[in-house]
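S.K.: Could you look at this predicted model? Sequence included:
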Amino acid sequence: MAERSFGFLGLDFAKKQFQNVLSVAAKMVGDESDDTDTNHEVVSQCDIEFADGLTPETFTGFPRSQLDDSWIMVPSQELHAKRLLELSTNLRHIRFELCPKRMKDEQFWQVSTA
């Protein structure tokens with residue numbers, strides 16, 4: 001039954017995809033001082049397609065017990081998240097729908113990196 005709360009994706013698939021997104025973001029560490037406009041390369045078409053397939057239930061169905069109140073995004077994750085929001089209308093709409101009405105922004109992004 002828990003599988004249904006994550007739409008067509010399934011929890012394991014969602015976790016694997018977000019880990020892939022996080023892996024791409026982690027590659028950017030060390031490039032933080034580079035202010036050139038090469039950041040568009042860090043978000044792949046696969047990342048955008050995945051974000052476009054998410055539903056609000058992907059986030060609201062995530063077990064709150066697995067969230068850590070002390071979690072913070074590293075700069076490379078923030079950069080990746082901002083760029084993904086620019087490129088995915090769906091993710092932008094889901095975030096607007098959920099934050100802060102149903103969950104904190106930090107929780108939203110923590111789920112995305114779980």
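M.R.: That came through fine. Residues are numbered from 1 along each chain as shown.
S.K.: Who are the packing partners of the helix or strand harbouring F96?
M.R.: Assessed by DSSP states H and E, F96 sits inside helix 89-98. With contacts defined as 3 or more CB pairs under 8 Å, 6 or more residues apart in numbering; DSSP states H and E, the packing partners of helix 89-98 are helix 45-52, helix 56-60, helix 75-87, helix 105-113. All C-beta atoms are positioned from the backbone trio N, CA, C, and that covers glycine.
S.K.: try 7 Å
M.R.: helix 45-52, helix 56-60, helix 75-87 (3 or more CB pairs under 7 Å, 6 or more residues apart in numbering; DSSP states H and E).
S.K.: pull the CA atoms of it into CSV?
M.R.: The C-alpha trace of helix 89-98 is given here as CSV (Å, rounded to 0.1, in the frame of the first residue of the first chain):
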residue,chain,number,x,y,z
THR,A,89,7.6,23.7,-14.3
ASN,A,90,6.2,20.6,-12.6
LEU,A,91,8.7,20.7,-9.7
ARG,A,92,8.1,24.4,-9.3
HIS,A,93,4.4,24.0,-9.1
ILE,A,94,4.7,21.1,-6.6
ARG,A,95,7.0,23.1,-4.4
PHE,A,96,4.6,26.1,-4.5
GLU,A,97,1.7,23.9,-3.6
LEU,A,98,3.4,22.2,-0.7
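S.K.: buried stuff in it?
M.R.: By 16 or more other CB atoms under 10 Å, the buried positions in helix 89-98 come out as L91, I94, R95, L98.
S.K.: With stretch 103-111 instead?
M.R.: M103, E106, Q107, F108, W109, Q110, V111.
S.K.: quick one: which of those residues is nearest T60?
M.R.: Proximity of these to T60 was ranked by CB to CB; the top entry is M103 with 7.1 Å.
S.K.: Can you classify that closest one by secondary structure?
M.R.: coil (DSSP: H, G, I helix; E, B strand; the rest coil).
S.K.: Now do the same contact list for it.
M.R.: M103 makes contact with F59 under the criterion CB atoms under 7 Å, 6 or more residues apart in numbering.
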